[in-house]
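Asker: Give me a 3D structure for the following:
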Amino acid sequence: MKSQWLKYVELEKKAEEQLRNIISYAYNHMPYYKELLTNLNISVNDIKTIKDLQKLPILTKEIIKINHNAFISDNINSLKYINGSTGGSTGIPLKYRMSLEDYERGIALLYRGWSMTGYRLGDKLAILAEKSLIPDSKTDIKKKEFLILF
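Answerer: Below you'll find the model as predicted:
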């Protein structure tokens, strides 16, 4: 909750510190990124700021699917993670792993956002989301909709 009140400069500094950590981790533990940076002749130290991300090509679902095993960390067995999957609304679902810490952070951010609208843990909540949750043959929904009821 405290981080929402930080100045932009402080948030950017934290984000760039996290960026350097993840770039270093990816290079040292994930074959895809080690090969990518080597082929691009980019050092881990060349990616220090958000603007430096422009030095890297855009990562697509197709690249991940084609190189699936190269995205598996060499220390996966020592990590706490959950398996996840996209909904597949644009084709075949993309399967991924997310650290337990990142998953928990995502849930915390979700609740923080909801709390700004007055939601408190324990309140009744209904979420209706885009039409991909309801087969087209059973609905007349013609566009994506998102609604939260308290």
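
Asker: Now do residue 8 against residue 15, distance only.
Answerer: 10 Å (C-beta to C-beta, to the nearest Å). Just so you know, the C-beta spots here come from the backbone N, C-alpha and C atoms, and that holds for glycine as well.

Asker: Report the distance from stretch 5-20 to the chain centre.
Answerer: In terms of C-alpha atoms, centre = their mean, to the nearest Å, the centre of stretch 5-20 is found 17 Å from the chain centre.

Asker: Hmm, I typed the wrong one, I wanted stretch 1-10.
Answerer: The answer for stretch 1-10 is 20 Å, by C-alpha atoms, centre = their mean.

Asker: Do me a favour and average the pLDDT over that stretch.
Answerer: Across stretch 1-10, pLDDT averages out at 88.

Asker: thinking again about what came up before, please say which of residue 8 and residue 15 ends up with more neighbours.
Answerer: residue 15 (12 against 7; other C-beta atoms under 10 Å).

Asker: Spit out the contact partners of residue 76.
Answerer: Residues near residue 76 by C-beta atoms under 8 Å, 6 or more residues apart in numbering: residue 97.

Asker: Now do it, the pLDDT please.
Answerer: Looking at residue 76, the pLDDT reads 89.

Asker: Tell me the spacing between it and residue 125.
Answerer: Relative to residue 125, and taking C-beta to C-beta, residue 76 is found at 34 Å.

Asker: So which residues of the chain form strands?
Answerer: Under the criterion DSSP state E, strands of the chain are mapped to 81-85, 95-99, 126-128, 147-149.

Asker: Can you list the buried residues in the longest helix anywhere in the chain?
Answerer: If you go by DSSP state H, the chain has its longest helix at helix 8-29. Within helix 8-29, the residues that count as buried by 16 or more other C-beta atoms under 10 Å are 16, 19-20, 23, 26-27.

Asker: In JSON lines: the strands of the chain, plus mean neighbour count, distance to residue 109 and mean pLDDT.
Answerer: Shown next, in JSON lines, are these (neighbours: other C-beta atoms under 10 Å; distance: least, C-beta to C-beta, whole Å; pLDDT from 0 to 100):
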{"stretch": "strand 81-85", "mean neighbour count": "11", "distance to residue 109": "16", "mean pLDDT": "89"}
{"stretch": "strand 95-99", "mean neighbour count": "14", "distance to residue 109": "13", "mean pLDDT": "88"}
{"stretch": "strand 126-128", "mean neighbour count": "10", "distance to residue 109": "16", "mean pLDDT": "75"}
{"stretch": "strand 147-149", "mean neighbour count": "9", "distance to residue 109": "15", "mean pLDDT": "50"}
